[in-house]
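build me a model from this:
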Amino acid sequence: MTRSPFRRLVFGTLRRLLYLWVRSETINQSAFTLKLDRSKPVFFVLQQPSLSDLAVVDRECSKAGLPRPVVPVAVGEHIEPSAFFYLTPEPDWLGRQDKRGISPTLERLVSALGQQAVDDAQIVPVSVFWGQSPDHETSPWKLLFADSWAVTGRLRKLVSILILGRKTRVQFAAPIHLRELVEQDKGHERTLRMVQRILRVHFRNQKAAVIGPDVSHRRNLVKGLVHGPLVRQAILDEAEREKISVEKAEAQALRYGNEIASDYTYTVIRFMELVLSWFWNKIYDGIKVNHIEGVQDIAQGHEVIYVPCHRSHIDYLLLSYLLFKNGLTPPHIAAGINLNMPIVGGLLRRGGAFFMRRTFKGNPLYTAVFNEYLHTLFSKGYPVEYFVEGGRSRTGRMLQPKTGMLAITLRSYLRSHRLPVVFVPVYIGYERVLEGRTYLGELRGKSKKKESIFDVFKVLGALKQRFGQVWVNFGEPIKLNEFLDQQQPDWREQELAPQYRPAWLNETTNRLGERVARHLNEAAAVNPVNLVALALLSTSKLALDDRALARVLDLYLALLRAVPYSPHTTLPDGNGQALIEYVQGMNLLAEQKDALGKILFLDEHNAVLMTYYRNNVLHIFALPALLASFFQNSGRISREQILRYTQALYPYLQAELFIRWQRDELESVIDQWLAAFVEQGLLKVENDVYIRPAPSSRQFVLLTLLSRAIAQTLQRFYMAIALLLNAGQNSLSAEALEDLCTVMAQRLSILHGLNAPEFFDKSLFRHFIQRLLDEGVLRRDEAGKLSHHPLLSELAEGAAKRVLPAEIRLSIRQVTMDSSEDAVEPL
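Purely as a prediction, here's the structure:
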């Protein structure tokens, strides 16, 4: 474009005509936050010549108050006719183009800086995406003309504008300061090539971040897997082991590759986005997204691995939808082979799902192909998603991490890496989970049902039920380099075996799994259903009058605001009464009226299901509930005693619930909670001694309800210790103790009417016993029998007297003796 009045008139007319139809927006409003120095020349660069793209950029700059690209700009004493150029320059009027592909404007800018004619010049790369407005998509066939990696001609561009012009998005990048590049003193020609290379990489990364990486044909990708050195060796080993030809083993490897690999298709991603938009609006009242800005900042230049919690089959659909809607690439998703069903499996595969078997044991060739496939995804920079919990949580708690995928990721990174890896935790919190009916049966003791994505569609017959809102919170990213530097400072210098399995791999992977789980819990979304469930399940009859319940909820909100669990944790709006009305609107609370007012309670159907929603946030309340429990049997406790008992019990709570605070942080956090208790009138303090309110007071009732949030967990701990002590030294194996704990917990659950099915969850006892071993409280002898520290009995009883009522302790001891007398250790 020149300063010719005629060309300016033509461009202005074109822009006005274009915007009779076109509607554009700036992605993430980044144009408003560009750090531009208005005292220095600003130039906008587009990837390819396009008057329509330029018109859109000019309009968005006007809207954002940025310098317009079509207006002349002074560069020292020289006046450039316009403030834009194309990375691939326009041909002249005879069709001739600079063979070097260098824009004359860019060349003049570099020359001006080299000759000190101007202090600096700023270059702002801008990308225009046609058909990139998920909120307004209405027709699946229009997806065919949306932006992709395919090379398009003028005719297709015209059709795209006509069909998708009202769905256009613009993305501005941070300015590049030419002075910094010129000062590297590489000479005029090399500086020009360096600037072009930087811009090419930027446009490629920006396009990949919005519409996904340039995906090679699936057939070529799968064929490439069998040429990896580790897969070639596995093929040779397979041929020798199975006594077959190398060709047959290679064919088997190809079949495995086709079974595993996704067939990522951008038009299917767009189509699924359209369908899911209808689905979310039909099912949910809204989706609240928090802290996604950090992901948008880190996505470019990193290999992003999303590690969400797993509560529902729609978790991965929801995450892909939200990432796409916010201008990020939907990831390749690890899915169980059980979801590779006719029709559904093909759709999921084209939406980015790759399928994995539940176990790799006994099949080294499949293992090698799967590892090579993941390594290919990581190497090419594809975002990937997998669930560290393995399966869906049926209890609402964070499950113990399954570290298989994390180990594969670490081994791939040690093998080679083009981009630094970052794990992005994603907490997905539902007010009502779609599979609630299925979970309810399992929580009541039915056998676990085989997973099927069709469980999601069964809810379509119950659309009259209100499902509320969904919270999606992005947690603090975990940079793999920094994590490895903390765990293995010399990992870069170590000589690794050909299989990339250093001796420290297992332990480091376990620690990474724990770190991911804690970061997931840090991003928890506390919603009205969680809080109401926590309050009512802490009462003996699962009921409170409406005013008392409102007071409890107001207390919980006040405590969480006084001592925030994490910067990534979110709280609901409104006071206790507003939360009650909201949960009543979801038909999760039953109501009974009398002359004194309203009583709110949980009926039999909802009482068990509400344990699921309470458990979503139990980790947030575990520490304050533990502190509150110390005052159930003691009227006065010194700060020193509180610290000592908390530090003794905390490692086991932390291991089970993945609580965020490390031991060296614990003292200051305890002081914060005690100060909050004092501020809310739950405790008084005199000379470092904390005093509880009178047992007849309202404050003591509130303190008691808070303590009961963690009571059943503490009962399980005491029960396991009591069984171990009653059996004697070197009498039980860990497995036998685990079985005894499960049977006894089921009996206590019946005797005391406990409505928490996880009370007798075998895996919780297994991990508690393992933690006792890790802490050195228990030891195994050569026969695998458990012995314990001589002071364990005294310590356990001392702690139990502080936190458990006398009748509970007596009941546990009585049932323990009965169970031990009748128990016969399995052969």
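
look through the chain and tell me its longest helix.
helix 188-211 (DSSP state H).

check the offset of the helix or strand following that helix from the chain's centre.
The C-terminal neighbour of helix 188-211 among helices and strands, as given by DSSP states H and E, is helix 218-225. Distance of helix 218-225 from its chain centroid, counting by Cα atoms, centre = their mean, to the nearest Å, is 30 Å.

counting by contacts, list what helix 218-225 packs against.
Taking 3 or more Cβ pairs under 8 Å, 6 or more residues apart in numbering; DSSP states H and E as contact, the helices and strands that helix 218-225 lies on are helix 246-260, helix 364-380. Placement of C-beta: from N, CA and C, glycine included.

buried ones in it, by neighbour count?
Across helix 218-225, burial judged by 16 or more other Cβ atoms under 10 Å covers Arg218, Leu221, Val222, Leu225.

tally of neighbours for the nearest residue to the third one once chain neighbours are set aside?
If I follow you right, that is Val222. Distances taken as Cβ to Cβ, 6 or more residues apart in numbering put Gly257 closest to Val222, at 3.9 Å, once the chain neighbours are dropped. Gly257 is flanked by 23 other residues according to other Cβ atoms under 10 Å.

got a list of what Gly257 touches?
Gly257 makes contacts with Val222, Lys223, Leu225, Val226, Val369, Tyr373, as judged by Cβ atoms under 8 Å, 6 or more residues apart in numbering.

nearest to Val118 among the residues you listed?
Closest to Val118 out of the contacts of Gly257 is Tyr373 (50.8 Å), distances taken as Cβ to Cβ.

as CSV, the contacts of Gly257 with distance to Gly576 would be great.
Supplementary listing: the contacts of Gly257 in CSV, determined by distance: Cβ to Cβ, whole Å:
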residue, distance to Gly576
Val222, 57
Lys223, 62
Leu225, 57
Val226, 62
Val369, 55
Tyr373, 51
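
mind giving me the domain ranges of this protein?
Using automatic domain parsing, the domain ranges for the chain come out as 5-211, 264-522, 529-612, 710-822.

among those, which is nearest Ser629?
Ser629 sits nearest to domain 710-822 of all the domains of the chain, at 4.2 Å, using Cβ to Cβ.

next one: phi and psi at Gln729?
For Gln729, the backbone dihedrals (degrees, to the nearest 10) come out as phi -70, psi 140.

and Ile198, how far is that from Leu87?
In this view, Ile198 and Leu87 are 10 Å apart by Cβ to Cβ, to the nearest Å.

of the two, who's got more company?
For Ile198 versus Leu87, neighbours defined as other Cβ under 10 Å are more numerous around Leu87 (20 against 14).

so who does that one touch?
Val45, Leu46, Gln47, Gln48, Ser103, Gln196, Leu199, Arg200, Phe203.

any of those residues buried? List them.
Buried among the contacts of Leu87 by 16+ other Cβ under 10 Å: Val45, Leu46, Gln47, Ser103, Gln196, Leu199, Phe203.

just the buried residues of helix 218-225 now: which is nearest Tyr582?
Arg218 (46.6 Å).

could I get the contacting residues of the closest residue to the closest one other than its chain neighbours?
Leaving aside its sequence neighbours, Arg218 sits nearest to Asp263 (Cβ to Cβ, 6+ apart; 4.8 Å). Contact analysis of Asp263 by Cβ under 8 Å, 6+ apart lists Arg218, Arg349, Arg350.

turn those into a markdown table, including distance to Thr329 and pLDDT.
As requested, these are exported to a markdown table (distance: Cβ to Cβ, whole Å; pLDDT from 0 to 100):
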| residue | distance to Thr329 | pLDDT |
| --- | --- | --- |
| Arg218 | 17 | 72 |
| Arg349 | 17 | 88 |
| Arg350 | 15 | 84 |
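
the helices in the stretch 551-700 of the chain, which residues?
Secondary structure of the stretch 551-700 of the chain (DSSP state H, counting those that start in this stretch): helices located at 576-585, 604-616, 618-629, 639-657, 663-679, 698-707.

of all these, which one is nearest His310?
Ranking these by proximity to His310 (Cβ to Cβ) places helix 604-616 first, at 12.6 Å.

angle of the closest one against helix 618-629?
Per axes from the mean of the first three to the mean of the last three Cα atoms, to 10 degrees, the angle that helix 604-616 makes with helix 618-629 is 90 degrees.

buried ones in helix 604-616?
Buried, per 16+ other Cβ under 10 Å, within helix 604-616: Asn606, Ala607, Val608, Leu609, Met610, Thr611, Tyr612, Tyr613, Arg614, Asn615, Asn616.

who's in contact with the closest residue to Ile642 other than its chain neighbours?
Ranked by Cβ to Cβ, 6+ apart and with sequence neighbours excluded, the top spatial neighbour of Ile642 is Phe630, at 6.1 Å. Contacts for Phe630 were tallied using Cβ under 8 Å, 6+ apart; they are Ile637, Gln641, Ile642, Tyr645, Arg802, Val803.

so, low pLDDT: which residues of the chain?
Low-confidence segments of the chain (pLDDT under 70): 1-4, 28-34, 89-100, 131-166, 208-217, 266-267, 439-464, 495-499, 752-757, 818-827.

returning to what we had before: now do the residue nearest to Arg218 against Met272, distance only.
13 Å.

most tightly packed of the helices and strands packed on helix 218-225?
Among the helices and strands packed on helix 218-225, helix 364-380 has the highest mean neighbour count (mean count of other Cβ atoms under 10 Å), at a mean of 22.

and the angle for that helix with helix 188-211?
For helix 364-380 against helix 188-211, the angle by the same axes, to 10 degrees is 120 degrees.

and after helix 364-380, which helix or strand comes next?
Counting by DSSP H and E, what follows helix 364-380 is strand 384-385.

in its sheet, what does that next one sit against?
strand 303-308 (parallel), strand 332-336 (parallel) (DSSP bridges).

looking at those strands, which is closest to Pro502?
Going by Cβ to Cβ, the one of the strands paired with strand 384-385 nearest Pro502 is strand 303-308, 20.2 Å.

how about the closest one: buried residues?
Buried residues in strand 303-308, defined by neighbour count with 16+ other Cβ under 10 Å: Glu303, Val304, Ile305, Tyr306, Val307, Pro308.

hey, what's the fourth one bridged with?
Residues in a beta bridge with Tyr306, per DSSP bridges, are Glu385, Val424.

and the gap between it and Ala299?
To Ala299, Tyr306 is 11 Å away according to Cβ to Cβ.

which residues are in contact with each of the two?
By Cβ under 8 Å, 6+ apart, the residues touching both Tyr306 and Ala299 are Pro383.

re earlier: in CSV: the helices and strands packed on helix 218-225, plus distance to Gly396.
Compiled in CSV, these are given as follows (distance: least, Cβ to Cβ, whole Å):
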stretch, distance to Gly396
helix 246-260, 31
helix 364-380, 30
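
so which of those is nearest Val110?
Evaluated over the helices and strands packed on helix 218-225, closeness to Val110 peaks at helix 364-380, with 32.5 Å, by Cβ to Cβ.

how far off centre is that closest one?
Offset of helix 364-380 from its chain centre (Cα atoms, centre = their mean): 23 Å.
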